[in-house]
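Q: Compute the structure for the input listed below.
(2 chains)
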Amino acid sequence: MAQIFHRSANTLSRVTIFGAVFIVAFVLWAIGGIVRSPVATDQGIEREQPVPFSHQHHVAGLGIDCRYCHTSVERSSFAGIPPTQTCMNCHSQIWTNADMLGPVRASFAQGKPLEWSRVHRLPDFVHFNHSIHVYKGIGCASCHGRIDRMPLTYQASPLTMQWCLDCHRNPEKFVRPRNQVFNMAYVPVNQAKLGPELVREYQVQKLTSCSTCHY
Amino acid sequence: MSLLDLEKFRERVEGEKLYRSLEELARDDEFIAGVEREFPQQALPLERGVDRRDFVKLMSSSLALAGLAACNRPAEKIVPYISQPENLIPGRPLYFASALSLGGVGAGVLVESHMGRPTKIEGNPDHPSSLGGSDAMMQAAILGLYDPDRAQVVRHLGEISTWSAFLAALQPVLKNAKTNGAGLRLLTQTITSPTLGAQIQQLLAAYPGMEWHQWEAVSRDNVREGLRMAFGGYANAVYHFDKANVVVSLDADFLAAGPGHLRYARDFTARRKVRHGQTTAMNRLYSFDCGASSTGSLADHRWPVRPSEIEGLARALPAAVMKDLEANRGASIVIAGEDQPPAVHALVMALNQALGNIGSTITITDPLEVAPVNELESLRKLVTDINAGAVKALVMLGGNPVYDAPADFNFGHALNKVPFRAQLSPYYDETSMLVHWHLPEVHALEGWSDVRGHDGTVSIVQPLIAPLYNGRSPHEVVGALIGGLDQSPYDTVRAHWMSKGATEQTWRKWLHDGQVAGSALPARTAAAAPPATAQPRNPATPSLELHIKPDPNIHDGRFANNGWLQELPKPQTKICWENVALISPKTATDIGYDDKTRNALVNERSTVRADVAYRGRNVRLPLWVMPGHPDGVVTVYLGYGRTYGGKVAAPGVGVDIYPVRFSDAMSGGAGAEVALVRGEDAYPVACTQEHQSINPKDMFGQDREIIRAGTFAEYQRDPHLGHKEGHGDETMYPPHEYKNHAWAMVIDTSVCTGCNGCVMACQAENNIAIVGKEEVHREREMHWLRIDRYFRGEPANPEVFHQPVPCMQCENAPCEPVCPVEATSHSSDGLNDMTYNRCVGTRYCSNNCPYKVRRFNFFHYADYDTPALKPMRNPDVTIRTRGVMEKCTYCVQRVNEAKIEAEKRGGNQRVRDGEVTTACAQACPTEAIVFGDKNDPTSRVAKLKGEPFHYALLEELNTRPRTTYLGVIRNVNPEIKG
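A: Residues are numbered from 1 along each chain as shown, chains lettered A, B, ... in the order given. You can find the predicted model right below:
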């Protein structure tokens, strides 16, 4: 019986068998990379909003405190999205004719709420509470990044479980004094010394039980 | 061995202490095989096989869907308020006080509202009819609110119409009524609402010839008429079980049904919680039980008797019981059941009078109803008048008389003769099919009203949400009949109370407190006279007696469309999705329900059907043998066999009993016949008793002491009741450390009535899905908390024990090490966490759980699609999907919330005792379930764990469960033998 394959096929098969290991490894590596990348996590992606609200302008430019709009951040799991009324507190006085604010005025006049696109979205099986993180000295910027430098808001952190656990396992690396929580520009002077002190003072626990977040 | 071979039973009963069912006692090979096959629910395949083509289809579509799901995260919108309401913090619930009523009598509730969506109902601790407890029907009202099958539009002759069209159609009728006087009739259910009562009085004044009828299928006519007989006028009796040392129940189920039962259960069981070094005396309950009641199951002495025998007992109680009553003059209660004729109630009141109880343990007040009336006679008059052609227009507020009127009234036939008929009701039901105008009725959580509790305390019913389905309140309909301005129910209720002297301040306080301060009806001086007619009724005949009772879950049928209540195992029989004919073991033998018939029936999974004939009419029901049921009686439950009224209710769920309910025998009577249906296949019944069962004996035949029980006298001699200290807790694994909290639960089985309030509270709190009868029959029900029922003693009249079994949260948990993906793990507080998103559905954890408390989503049970049900769910709990294991978490969402709030108080505080409780413990009317932090030595739970009669379930396994039990202690009268 004649040979079906040419001798050169031997080389090809050796390369294939040897390469399979690398190919499989590469595919796994690629998948791992993709699920952690912004493609899957939406990190760094700006969303289209009904009004191109600029945190940069309102926070850095005007110096408005986070809690002026996100009123429930110290009391509730949900930080709160301001009602149209909050916008109109100022914008009934200033920029009253700006085209950009048309949807806000329409919402207030017609009684139809603004529909914002959610930027930070956790899966439904994860329960996150803003108030306790704020109370324990985790700054807004620790998770949300430099909001005061965002003309359009995007998700600064990957919000993966690995990322959550980085802090839940080592809170001393991230904790800051309570009076600096809402300070966007806070830079720790000596976190290696301050961190453990604050962890002791605030009794920050290393909560890594599953039911801390999943229930 | 034969199932009903009583002699052999006796022999076995001697040897075996506990049994859950007759099948277990019979213990034939099939039964044992069934129990040993630990997971019958896993052996059952899909309904029909999946062929290759289907398989490929399923696989490809699920792959495609999986791919899609991974690529696109759904864009989510955040929709804030225009201007945010005061006091509302987004993300945190608000609680509002209101009241829910059944049969016209209310109990106060606190309703949890998440951003305007009511999601959970709790009892109002300040309301005298609740004291914080709630029952299954109250808990399930939240599903009733969102039920997409509720009537949603005004209908005229079945076609969609409008409220204004109805008003227009009403005008000529009202004009006629005004000029002609008579002809206009109003039919309502029992009404205690002062506002609605005043409105109806106003209506009656406006149309002098008009008449008002009241009808309630499960009415309290007997009680009303009995008290009238005794006191010479309509009255209301309020019982004070906390003051009673001795209670005699003559077929009264005061712990589980009727006005004030939550309060009564709390008061009664407060005298039965035996605590070491504190309790010097217990109360004692004698129960003469005509069926299988919760009250009977808690009794110290229980006798199964025929309903017809009760009257004789009311005249002459057994000497030992009488002696006990005499010894506790002024501190005892004799109470008769609502099924008993008025004469019995009058006799019982006279007996209480003679014992000096009236004024001490029983308070007589004015009636609760705005216009008390004999409802049966009221309906009879309506039907007679209709048949005589005297009724020109009939407006029905609530109720479903075509379905639930006595069979001999032939109400549906009569109704068709009325020229104008309109009905306000929550569902488009049997009656709605026959009316010209049907108006959707608001749910109690949607509309303003008011209602009286069992002692007369008025609660303002305030809505939690605007009517979801265009519902109208009875206040609006009566307002429309009166004519004039279209006043909102809020204005109506408020104006009524303002005219009674309320101020803005008091009104707000009443709304906040959930009750009108000082509105309880005052005690009136009353002396009961024995009834004039001294003739006892016909003595018991040898024939079978039919005993008709309201269903413990769906009542008279009004909750038939509530899937939660349908799937709830009934408190004593543990049957769901069905009504059956209950008979005693002896009666079963008598009618030929013998070995042969039974051979095919295994493990309380199936039964035979029987024809129950009464006065020439026949209903065909599954037959169910109930230990402890009186001989010669067949008990049937109302409320099933609906033909209209929602997708869950009808058709095909259970059998309608109303065709054998006659106006002169509302709770049945002698002369019934039961005949087995021969030649039929075994009839499957969804009975959960033998599901997830624990074998009461270990492999060496030793009693595992699942239930521990003793008498109070024994307890006083030896509080440990002979039980040695538990097994050692040596372990090969390094022990867990619980530095902060250690959550734990103690369940006092002494005071568990098996009422199911906890089961339903758990279902509402934790978004637990229902699965339907077929799946329950395959042992796939999802309730995280089950109540096991055990018998001890002769099947003719055994002792009954209830044992709620939630997750034990073992410290050495067998479930944790076997999970290949660490979806179940130990928390720092000692909870066995279940991480749904990690679970891949191996079910190893469930296999390894000795308590069988884990539940698996074999199919996609949770309803993801019905839009109406989405806002109902608790936003703090994940909704589980197919292929995921789930179980009791000790309401970890509440625990976490409490921990966060405690820390935010500052000063690094811990959660204090009582600041957090589980849904089951909160609902429990008798406070049998206590939840708290074991690490806090001052907590209630830590103290209970130190009780001598405290034990852990299957503690020989050394799982170190956090959920533990207190044994049952009964106060047996030494003078009564057997």
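Q: Break chain B down into its domains, please.
A: Using automatic domain parsing, the domains assigned to chain B come out as B:154-219+B:371-500, B:236-365, B:537-684.
Q: between those domains, which one is nearest to chain A?
A: Judged by CB to the nearest CB, the one of the domains of chain B that comes nearest to chain A is domain B:154-219+B:371-500, at 15.1 Å. Where you see a C-beta, it was placed from the backbone N, CA and C, and this is true even at glycine.
Q: any idea of the pLDDT on the one residue in chain A that gets nearest to chain B?
A: With CB to the nearest CB as the measure, residue A:78 is the residue of chain A nearest to chain B, at 3.0 Å. On the pLDDT scale, residue A:78 is placed at 93.
Q: Tell me the secondary structure at the nearest residue to it once chain neighbours are set aside.
A: The spatial neighbour of residue A:78 that comes closest, neighbours along the chain excluded (CB to CB, 6 or more residues apart in numbering or on different chains), is residue B:91 at 3.0 Å. Here residue B:91 is coil, with the state taken from DSSP: H, G, I helix; E, B strand; the rest coil.
Q: Also the one 5 residues further on?
A: Of the three states, residue B:96 takes strand according to three-state DSSP.
Q: Look up which residues are beta-bridged to it.
A: Note on residue B:96: beta-bridge partners by DSSP bridges are residue B:111.
Q: Next one: it, what pLDDT does it get?
A: In this model, residue B:96 is scored at 95, pLDDT.
Q: Tell me if I'm right that it and residue B:111 touch.
A: Yes - with contacts defined as CB atoms under 8 Å, residue B:96 counts as touching residue B:111 at a distance of 5.3 Å.
Q: who has more neighbours, the two?
A: The neighbour count for residue B:96 versus residue B:111, taken as other CB atoms under 10 Å in any protein chain shown, is higher for residue B:111 (27 against 17).
Q: which residues in the stretch 451-600 of chain B form strands?
A: Under the criterion DSSP state E, counting those that start in this stretch, the stretch 451-600 of chain B carries strands at the ranges B:458-461, B:544-549, B:581-583.
Q: could the ones you listed be laid out in CSV, adding mean neighbour count?
A: As requested, those are exported to CSV (neighbours: other CB atoms under 10 Å in any protein chain shown):
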stretch, mean neighbour count
strand B:458-461, 26
strand B:544-549, 25
strand B:581-583, 26
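Q: Just put those in CSV and tack on distance to chain A.
A: Output for the strands of the stretch 451-600 of chain B, formatted as CSV (distance: least, CB to the nearest CB, whole Å):
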stretch, distance to chain A
strand B:458-461, 28
strand B:544-549, 40
strand B:581-583, 40
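Q: Can I get those in CSV including mean pLDDT?
A: Below are the strands of the stretch 451-600 of chain B laid out as CSV (pLDDT from 0 to 100):
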stretch, mean pLDDT
strand B:458-461, 95
strand B:544-549, 94
strand B:581-583, 93
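Q: Now the closest residue to chain A within chain B. Its backbone dihedrals?
A: Chain A sits closest to residue B:91 of chain B, with a gap of 3.0 Å, by CB to the nearest CB. Backbone geometry at residue B:91, expressed as degrees, to the nearest 10, gives phi 100, psi -10.
Q: Return the residues in contact with it.
A: Contact partners of residue B:91, counting by CB atoms under 8 Å, 6 or more residues apart in numbering or on different chains, are A:72, A:76-78, A:80.
Q: how about 7 Å then?
A: Residue B:91 makes contact with A:72, A:76-78 under the criterion CB atoms under 7 Å, 6 or more residues apart in numbering or on different chains.
Q: Of those residues - the most surrounded one?
A: Comparing those by number of neighbours (other CB under 10 Å), residue A:77 comes first, having 22 neighbours.
Q: wait, that residue sits on residue A:129?
A: Yes - counting by CB atoms under 7 Å, residue A:129 is a contact partner of residue A:77 at 4.1 Å.
Q: Which residues of chain A lie near chain B?
A: Selection of chain A residues close to chain B by CB under 7 Å from any CB of the partner chain yields A:42, A:72, A:75-78, A:80-85, A:107-108, A:111, A:113-118, A:121, A:124-125, A:127, A:129, A:131-132, A:135, A:203, A:209-211, A:214-215.
Q: Weed out the non-buried ones from the residues you listed.
A: Those of those that meet the buried threshold are A:42, A:72, A:75-78, A:80-84, A:107-108, A:113-114, A:116, A:121, A:125, A:127, A:129, A:131-132, A:135, A:209-211, A:214-215, by 16 or more other CB atoms under 10 Å in any protein chain shown.
Q: From those residues, which land in strands?
A: If you go by DSSP state E, these have residue A:116 in strands.
Q: got any ranges where chain A has weak pLDDT?
A: Within chain A, the stretches with pLDDT under 70 are A:1.
Q: how's it carved up into domains?
A: Here the domain assignment for chain A is A:8-36, A:55-81+A:119-212, A:82-115, based on automatic domain parsing.
Q: How about the shortest one, which residues are buried there?
A: For domain A:8-36, burial by neighbour count (16+ other CB under 10 Å) applies to no residue.
Q: residues in contact with residue 132?
A: Picking chain A for this. Residue A:132 touches B:900, B:903-904, counting by CB under 7 Å, 6+ apart.
Q: Can you look at chain B instead?
A: Going by CB under 7 Å, 6+ apart, residue B:132 touches B:123, B:125.
Q: name the element it belongs to?
A: Using DSSP states H and E, residue B:132 is not contained in any helix or strand.
Q: Same question for residue B:205.
A: Taking DSSP H and E as the definition, residue B:205 sits inside helix B:194-206.
Q: list the helices and strands that helix packs on?
A: Judged by 3 or more CB pairs under 7 Å, 6 or more residues apart in numbering or on different chains; DSSP states H and E, helix B:194-206 is in contact with strand B:449-452, helix B:474-482, helix B:489-499.
Q: any idea how far the residue of chain B closest to chain A is from residue B:889?
A: 20 Å (CB to CB, to the nearest Å).
Q: ditto for residue B:941
A: Taken as CB to CB, the span from residue B:941 to residue B:889 is 17 Å.
Q: Check residue B:321 too.
A: Between residue B:321 and residue B:889 the computed distance is 46 Å (CB to CB).
Q: tell me which of the contacts of residue B:91 is nearest to residue B:555?
A: Here the nearest of those to residue B:555, counting by CB to CB, is residue A:77; it sits at 37.9 Å.
Q: OK, contacts around residue B:143?
A: Residue B:143 touches B:562-564, B:872, counting by CB under 7 Å, 6+ apart.
Q: For residue A:99, state which of those is nearest.
A: Checking these against residue A:99 with CB to CB, the nearest one is residue B:872 at 41.7 Å.
Q: any idea what sits nearest that closest one, other than its immediate chain neighbours?
A: residue B:146 (4.3 Å).
Q: residues making contact with stretch B:200-220?
A: B:103, B:177-178, B:180-191, B:338, B:373, B:375-376, B:378-379, B:381-382, B:399, B:401, B:404, B:478, B:481-482, B:550, B:555-556, B:638.
Q: how about 6 Å then?
A: Contact with stretch B:200-220 is made by B:103, B:177, B:181-182, B:184-190, B:338, B:373, B:375, B:378-379, B:382, B:401, B:404, B:478, B:481-482, B:550, B:556, as judged by CB atoms under 6 Å, 6 or more residues apart in numbering or on different chains.
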